[in-house]
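[1] whatever this is, show me its structure:
(2 chains)
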Amino acid sequence: MSYFSNIFYGIKTLLTGMRVTGKYFLNSRKGAITQQYPDNRGILKMFDRFRGEVIMPHDENNEHACTGCQKCEIACPNGTIEIIWDRGLDEATGKKKKKIDQFVYHLSLCTMCGLCIDVCPTDAIEWGQNFENSVYDRTALTRVLNKPDSKIRPGVED
Amino acid sequence: MQETTTINNNFKSEEYFINMGPQHPATHGVLRLLLTIDGEIIKKVEPDLGYIHRSIEKMCERDSYQQIVHLTDRMDYLSSHINNEAVCLTVENALQLEIPERVKVVRTIIGELTRIASHCLWWGVMGMDVGALTTYFYGFRDREMINDIFEETCGARLTMNYNVPGGLMWDIHPNFVNRVKAFVKHFKTKIPEYDRLLTGNVIFQKRTKGVGVLSKEDAISFGASGPVGRGSGYSCDVRKYHPYSALDKVTFKESLQTAGDTFARYQVRIQEMWQSLSIVEQLIDNIPEGEHRVKTNAVIKLPKGEFYQKVETARGELGVYVISTGTKNPYRLKFRSPGFSNLSLLNHIAVGGKIGDLVATMATLDLVIPDIDR
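    Coordinates of the predicted model:
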């Protein structure tokens, strides 16, 4: 007797499970969470805080806010950031002042820990939301963040 | 035409040796198991580690205390927020910083969500290990909602790095509370579904009941912690005995089972999801206002001495032990990871079982290999 009741119990539990899967089978459109990437590129928007890469925003006068204080370079655990700096003449005071020549960012080394952005006293760097970073050559992941001929925004001090 | 066949009745039993891993899908990572088997009966299991060793503890001696936090993401990546919290709590306790209530509550909420996400993934993979592929999709579907919450607030889905010594990197996102509430509502309807689909399933029960039995005494002597210890009736929840952050303000039940087999460990985790949900529910409605971060020195120097902090990750007890000589780097930093102790008892509970049982047993140990190797 218990032989048959075991069989019926087994079938019952299987049917209980199949009711769950059957429900999803019939309403397959409703609970779908898969995204049709890359077809949805046009509407796919990452969250504002998403850490894709480090960028340096420039304003319309091609000016950035980086004073070259190198705090980000010290804070970085992996040597992702290299700042090549120089001393240039400050037009306002006429004194020599530190300025960045090249802000080199190695995306291939970056672990997106955010310490550089956290310590930056002038908010010169921030997170970019780009996540499609595949390239054919590794060297393309080494970027210079300050644009050519860009200058520091007047009035930015650390 | 007549064939002459010799019938050999002397079946000889011979032990032999196979490698399971390092690229075996059931080991969930690069874990290599050296199995000595007789037929299909396991005689000995020897884990061989080191395939994903990154010397995180040594790197910690090089790094400043802020930089250490992001390395702990890479240990047990399924409970990365709780790992971060452990390091931050160690530093904060050593510096005797007063942490705002808001930080404590947010840390606890995100920590419990991390636990749910980890258990969701575990549930999906557990089903897949014993042959039920559907659970994998359902588990990942619910985990996806938590990942979205994390992505919006912390900026990353897996290696979140949201804690800093002294608080949180940013304040929570304005959508955070609503999203968490929506998730709690959604997930409350899903755990009964998990039960209907897998827990009650007769095949699953036959595969797990009585398999990989670990007694309470052995659990204690092997240093088992987390759901593995609690499945054997060993009450070892760090959240209960040494509450950290806001866990002393909430009420929850420690989920205990006494059977000690694979099914008991499974039930412990399912109950933990309910308990974590209830913790989140208790805290989410009244997150206190206030600062999200206390100002610390740019260069954190711990006072001379030794500091220890333990937390309950999704896998068990994680301990952070820091020896400081008063400089900006730790002299030595040791992580007591739950996965390593839980792996050590695998040989004990798998011997005598079949290879298929070994896979089911390993699934409920919930091993994360980077946590074991570090």
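
[2] please make it C-alpha for all contacts and neighbour counts, starting now.
    OK.

[3] check contacts around the residue at minimal distance from the centre of chain A.
    Residue closest to the mean C-alpha point of chain A, counted by Cα atoms, centre = their mean, is residue A:52 at 1.5 Å. Going by Cα atoms under 8 Å, 6 or more residues apart in numbering or on different chains, residue A:52 touches A:112, A:127-131.

[4] need the max-distance pair from those residues.
    By the measure Cα to Cα, A:112 and A:130 form the most distant pair in the contacts of residue A:52, at 12.7 Å.

[5] neighbour-wise, which of those two wins?
    A side-by-side neighbour count of residue A:112 and residue A:130, using other Cα atoms under 10 Å in any protein chain shown, places residue A:112 first with 23 against 14.

[6] show me what the helix or strand bottoming out on mean pLDDT in chain A is packed against.
    Across the helices and strands of chain A, mean pLDDT, DSSP states H and E gives its lowest value to strand A:151-152, namely a mean of 78. Using 3 or more Cα pairs under 8 Å, 6 or more residues apart in numbering or on different chains; DSSP states H and E as the contact test, the elements touching strand A:151-152 are strand A:63-64.

[7] what lines up beside the strand it packs on in the sheet?
    strand A:151-152 (parallel) (DSSP bridges).

[8] wait, residue B:64 sits on residue B:329?
    Yes. At 5.1 Å, residue B:64 counts as touching residue B:329 under the criterion of Cα atoms under 8 Å.

[9] for chain A, which helix is longest?
    In chain A, ranked by residue count with DSSP state H as the criterion, the top helix is helix A:2-26.

[10] show me where the stretch 1-150 of chain B has its strands.
    Along the stretch 1-150 of chain B, counting by DSSP state E, counting those that start in this stretch, strands occupy B:15-20, B:32-38, B:41-48.

[11] try chain A
    Under the criterion DSSP state E, strands of chain A are mapped to A:53-55, A:63-64, A:81-89, A:96-106, A:126-128, A:142-144, A:151-152.

[12] mean neighbour count added to those strands, as a markdown table?
    Rendered in a markdown table, the data for the strands of chain A read as follows (neighbours: other Cα atoms under 10 Å in any protein chain shown):
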| stretch | mean neighbour count |
| --- | --- |
| strand A:53-55 | 20 |
| strand A:63-64 | 20 |
| strand A:81-89 | 16 |
| strand A:96-106 | 18 |
| strand A:126-128 | 18 |
| strand A:142-144 | 16 |
| strand A:151-152 | 19 |
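
[13] can you list these in CSV and add distance to residue B:41?
    Below are those laid out as CSV (distance: least, Cα to Cα, whole Å):
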stretch, distance to residue B:41
strand A:53-55, 51
strand A:63-64, 68
strand A:81-89, 55
strand A:96-106, 52
strand A:126-128, 54
strand A:142-144, 54
strand A:151-152, 71
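
[14] so for the residue nearest to the centre of chain A, what's the pLDDT?
    In this prediction, residue A:52 carries a pLDDT score of 86.

[15] again, but for residue B:265
    Reported pLDDT at residue B:265 in the predicted model: 90.

[16] what helix or strand is it on?
    Residue B:265 is part of helix B:262-284 when elements are defined by DSSP states H and E.

[17] quick one: contacts of that helix?
    Residues from elsewhere that reach helix B:262-284, judged by Cα under 8 Å, 6+ apart: B:105, B:108-109, B:112-113, B:115-116, B:119, B:177, B:180-181, B:184, B:191, B:205, B:208-213, B:227-228, B:230-232, B:250-258, B:360-361, B:364.

[18] what's the answer for stretch B:56-76, then?
    A:75-77, A:113, A:115, B:79-81, B:83-84, B:87-88, B:91, B:159-161, B:163-165, B:299-300, B:328-335, B:368-372, B:374.

[19] which parts of that stretch are buried?
    Buried residues in stretch B:56-76, counting neighbours by 16 or more other Cα atoms under 10 Å in any protein chain shown, are found at B:56-57, B:60-76.

[20] next: stretch A:61-72.
    Residues of stretch A:61-72 classed as buried by neighbour count (16+ other Cα under 10 Å): A:63-72.

[21] from those, which single one is nearest chain B?
    The nearest member of the buried residues of stretch A:61-72 to chain B, counting by Cα to the nearest Cα, is residue A:71 at 9.9 Å.

[22] contacting residues around that closest one?
    Residue A:71 is in contact with A:116, A:119-120, counting by Cα under 8 Å, 6+ apart.

[23] quick one, which of these are buried?
    Among the contacts of residue A:71, those that count as buried by neighbour count (16+ other Cα under 10 Å) are A:116, A:119-120.

[24] those residues in helices, which ones?
    If you go by DSSP H, those have A:116, A:119 in helices.

[25] export the buried ones among the contacts of residue A:71 to CSV and append columns for distance to chain B and pLDDT.
    Supplementary listing: the buried ones among the contacts of residue A:71 in CSV, determined by distance: Cα to the nearest Cα, whole Å; pLDDT from 0 to 100:
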residue, distance to chain B, pLDDT
A:116, 11, 89
A:119, 8, 88
A:120, 11, 88
